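*Asks:* okay, predicted coordinates and the sequence, questions at the end:
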Amino acid sequence: MEIVLATRNKKKIEEIKRIIGDILISILTLNNFPGCLEVEEDRSTFEANAVKKAMAIAKCVGKPSLADDSGLEVYALNGAPGILSSRYAGEGADDRKNIEKLLYEMHSIDDEKRGARFVCCMALAFPDGSVKTFFGHVEGRIGKEPRGFNGFGYDPVFYPEGQSRTFAEMTDEEKDTLSHRGKALRELRSYLEEIKIFE
Ligand code: IMP
């Protein structure tokens, strides 16, 4: 059984392979299908974007496809950057620029009001048009300066609840245990084991 990951984000591909890689016969990525065009994330929720991506790729490649849409929601910023997380500082912005903008927007916010959460929706779509979704989130807070070099995105400024290290200061395994994507992927894993799709 092959699953095609509807992403070209190397870090996401690594995280997904770490958590469900062992139960699937083969995982391909969009890099294996250069003919499938990038799907625009223009919907208003993580779920709608993940479903749109997974369905478009399943149709394009004729195999089950797994898409992730995820992001950071900061309570004091009314949920921003949210679905715009990857392009918070503008189209094509890199992680450093996005973090810079976030820290700037939050510079006057006190410690006790820096609560945030990461949210992830995973959509598994089949070529027949059926689709199943899985969710995960992790509560935490935004620090005042970047710390650590692991992971990607906003990891250097995100302290998961009860932790004194950012995601970027943790090992991959520590992050997987706590993270929004780890949680959604373990739900997906249970589902795949239940329907024995990988046999
Ligand atoms: P997507 O590729 O549209 O799902 O964008 C997700 C964006 O949200 C990423 O580019 C990051 O900025 C942020 N994000 C999602 N998951 C994580 C994570 O695990 N750590 C740090 N940032 C994340």
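*Replies:* Sure, I can see it. On a predicted model such as this, the values are computed, not experimentally measured, just so you know. Numbering: from 1, shown residues only.
*Asks:* how much space between F149 and the ligand?
*Replies:* Here the criterion is C-beta to the nearest ligand atom, to the nearest Å. By it, F149 lies 13 Å from the ligand. Every C-beta, even on glycine, is put in place using the N, C-alpha and C of the backbone.
*Asks:* count of residues packed around the nearest residue in space to that residue that is not next to it in sequence?
*Replies:* Residue nearest to F149 in three dimensions, not counting chain neighbours: A168, with 6.0 Å by C-beta to C-beta, 6 or more residues apart in numbering. If you count neighbours by other C-beta atoms under 10 Å, A168 ends up with 19.
*Asks:* helix/strand/coil for A168?
*Replies:* For A168, the assignment made with DSSP: H, G, I helix; E, B strand; the rest coil gives helix.
*Asks:* in contact with it, which residues?
*Replies:* By C-beta atoms under 8 Å, 6 or more residues apart in numbering, the contact set of A168 is 146-151, 155-156, 158.
*Asks:* nearest to C36, of the residues you listed?
*Replies:* Nearest to C36 among the contacts of A168 is G151, at 27.0 Å by C-beta to C-beta.
*Asks:* what sits against the closest residue to the ligand within the chain?
*Replies:* Using C-beta to the nearest ligand atom, the closest approach of the chain to the ligand is made by G153 at 2.2 Å. Applying C-beta under 8 Å, 6+ apart, we find G153 in contact with 11, 72, 85-86, 95, 98.
*Asks:* out of these, which are inside strands?
*Replies:* Using DSSP state E, the members of the contacts of G153 that fall within strands are L72.
*Asks:* turn the contacts of G153 into a markdown table, including distance to the ligand.
*Replies:* Shown next, in a markdown table, are those (distance: C-beta to the nearest ligand atom, whole Å):
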| residue | distance to the ligand |
| --- | --- |
| K11 | 8 |
| L72 | 6 |
| S85 | 3 |
| S86 | 3 |
| D95 | 6 |
| N98 | 6 |
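*Asks:* secondary structure class for the closest residue to V74 other than its chain neighbours?
*Replies:* Excluding the flanking residues, the one nearest V74 by C-beta to C-beta, 6+ apart is A116, at 4.4 Å. Following three-state DSSP, A116 is assigned to strand.
*Asks:* and if you look at F149?
*Replies:* Per three-state DSSP, F149 ends up coil.
*Asks:* got a pLDDT number for it?
*Replies:* pLDDT recorded at F149 is 97.
*Asks:* can you list phi and psi of it for me?
*Replies:* phi -130, psi 0 (degrees, to the nearest 10).
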